[in-house]
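Colleague: build me a structure from this.
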Amino acid sequence: MIKVLGIAGSLREESFNKYLLKNAVDLCPDDVELEVFDIKDIPIYNQDEEMNPPEIIKIFKEKIKNADAILFATPEYNYSIPGVLKNAIDWASRPYGDNSWDGKPVAIMGASVAMTGTARAQYHLRQVFVYLNMFPLNRPEVMVPSAADKFDYEGNLNDEKSREKITELLKALADWTVKLQNKK
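Modeller: Numbers count the residues shown, from 1 in each chain. Down below sits the predicted model:
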């Protein structure tokens with residue numbers, strides 16, 4: 001069983017990216033278990049506190065370390081990564097020498113009301129992965145444009161093409177994770 005930790009880069013309760021993860025839980029292949037971690041309680045990163053982090057950070061870092069792979073669902077703010085997501089990433093990479101992300105296979109998906117469907121944010125997130133020493137899955141890319149038209153009022157994804165791409169992404173992430181584990 002491949003254990004994947006899903007993280008949405010939004011704090012909004014009715015976030016399209018939280019909805020993507022909610023739907024991904026149901027679309028997982030039989031050999032994948034997706035647990036979603038909500039970053040809403042993560043405080044603003046403060047280097048003065050990194051040696052004695054808040055309890056939520058200890059829990060977050062432990063969940064990352066126990067996961068076989070990571071799945072980010074990110075919105076795009078001002079052509080880039082949301083500040084709350086970068087903040088969570090920073091906490092989990094610190095203190096120096098205790099990078100919870102190190103060596104993790106990772107995939108990205110995103111939903112947006114824009115036509116580009118989070119493309120720029122996803123590319124910026126890939127740049128962050130380089131420093132974190134994460135191993136991003138290159139394909140498939142899952143960018144859900146015009147997201148307001150693709151979810152119902154309960155957050156169910158009703159766009160079949162997007163559902164297929166998420167299923168394909170989860171399968172590819174599982175295969176990528178196994179491939180990397182076998183190289184160790």
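Colleague: going forward, measure contacts and count neighbours with C-alpha atoms only.
Modeller: Fine.
Colleague: helices along this structure, start to end?
Modeller: 16-27, 55-66, 83-93, 119-132, 160-182 (DSSP state H).
Colleague: could you dump those helices to CSV with mean pLDDT, mean neighbour count and distance to residue 77?
Modeller: Below are the helices of the chain laid out as CSV (pLDDT from 0 to 100; neighbours: other CA atoms under 10 Å; distance: least, CA to CA, whole Å):
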stretch, mean pLDDT, mean neighbour count, distance to residue 77
helix 16-27, 97, 21, 13
helix 55-66, 98, 16, 24
helix 83-93, 98, 19, 8
helix 119-132, 96, 18, 7
helix 160-182, 97, 18, 21
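Colleague: any chance of those in JSON lines with distance to residue 4 as columns?
Modeller: Output for the helices of the chain, formatted as JSON lines (distance: least, CA to CA, whole Å):
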{"stretch": "helix 16-27", "distance to residue 4": "10"}
{"stretch": "helix 55-66", "distance to residue 4": "9"}
{"stretch": "helix 83-93", "distance to residue 4": "16"}
{"stretch": "helix 119-132", "distance to residue 4": "17"}
{"stretch": "helix 160-182", "distance to residue 4": "9"}
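Colleague: closest one to residue 44 among those?
Modeller: helix 83-93 (6.5 Å; CA to CA).
Colleague: and the closest residue to residue 135 other than its chain neighbours, what pLDDT?
Modeller: For residue 135, ignoring the flanking residues on the chain, the nearest one in space by CA to CA, 6 or more residues apart in numbering is residue 105 at 4.6 Å. Residue 105 is assigned a predicted lDDT (pLDDT) of 98.
Colleague: my read: residue 105 touches residue 68, true?
Modeller: Yes - in this structure residue 105 lies within contact range of residue 68 using CA atoms under 8 Å: 7.4 Å.
Colleague: and the closest residue to residue 36 other than its chain neighbours, what pLDDT?
Modeller: Sequence neighbours aside, residue 6 is the residue nearest to residue 36 in space, at 4.5 Å (criterion: CA to CA, 6+ apart). Residue 6 is assigned a pLDDT of 98 by the prediction.
Colleague: now residue 116
Modeller: Model confidence at residue 116 (pLDDT) stands at 83.
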